[in-house]
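Peer 1: What follows is a predicted structure for the sequence shown.
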Amino acid sequence: MIEKRKPFERADLSEAAQWLARLHADDCSPADREAFSLWLQGSPQRQRAFESVTTAVESVDALGAGWRESLSASTR
């Protein structure tokens, strides 16, 4: 049986992106991490939205690394 998932809201994606940035900030505190944990536990849609945003950012980072390597190799 195929599980039908409720789509996540645009607000979930926006909040997930904000949380991802906050968690990677130099001044991210234990209180921030606790607030994130509570937010994430709020719904399965939030969890999926955070996974989606994280995957997108990692993909862009990987693409950027590939471009940097290509540029470095071509300028040698």
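Peer 2: Great, that's in hand.

Peer 1: Helix or strand: which one has the spatially most central residue of the chain?
Peer 2: Closest residue to the average C-alpha location of the chain: residue 54 at 2.5 Å, with Cα atoms, centre = their mean. Element membership for residue 54 (DSSP states H and E) is helix 44-74.

Peer 1: do the same with residue 25
Peer 2: Using DSSP H and E, no helix or strand contains residue 25.

Peer 1: What's the separation between it and residue 36?
Peer 2: Distance of residue 25 to residue 36, given as Cβ to Cβ, to the nearest Å: 12 Å. Glycine gets a C-beta too; all of them are placed from N, C-alpha and C.

Peer 1: Counting neighbours, what do you get for the residue lying closest to residue 36 once chain neighbours are set aside?
Peer 2: Nearest residue to residue 36, sequence neighbours excluded (Cβ to Cβ, 6 or more residues apart in numbering): residue 19, at 5.2 Å. The local packing of residue 19 (other Cβ atoms under 10 Å) involves 21 other residues.

Peer 1: Kindly report the same for residue 44.
Peer 2: By other Cβ under 10 Å, 12 other residues sit near residue 44.

Peer 1: what does residue 9 give?
Peer 2: For residue 9, the tally of surrounding residues (other Cβ under 10 Å) stands at 13.

Peer 1: Could you number the chain from 16 rather than 1 from now on?
Peer 2: With the count now opening at 16, the last piece we talked about shows up as residue 24.

Peer 1: That one contacts residue 60, correct?
Peer 2: Yes: with contact defined as Cβ atoms under 8 Å, residue 24 counts as touching residue 60 (6.8 Å).

Peer 1: what sits in contact with each of the two?
Peer 2: Residues touching both residue 24 and residue 60 by Cβ atoms under 8 Å, 6 or more residues apart in numbering: none at all.

Peer 1: what is the rounded mean pLDDT of the host helix or strand of residue 52?
Peer 2: Residue 52 is located in helix 45-55, with elements delineated by DSSP H and E. Helix 45-55 carries an average pLDDT of 98.

Peer 1: Can you give me the buried ones in that helix?
Peer 2: 51, 54, 55 (16 or more other Cβ atoms under 10 Å).

Peer 1: Let's see it as CSV, backbone CA atoms only.
Peer 2: The C-alpha trace of helix 45-55 is given here as CSV (Å, rounded to 0.1, in the frame of the first residue of the first chain):
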residue,chain,number,x,y,z
PRO,A,45,21.8,25.3,23.4
ALA,A,46,18.5,27.2,23.7
ASP,A,47,18.3,27.6,19.9
ARG,A,48,18.9,23.8,19.5
GLU,A,49,16.2,23.0,22.0
ALA,A,50,13.8,25.4,20.3
PHE,A,51,14.6,23.7,17.0
SER,A,52,14.0,20.3,18.4
LEU,A,53,10.6,21.4,19.7
TRP,A,54,9.8,22.9,16.3
LEU,A,55,10.8,19.8,14.5
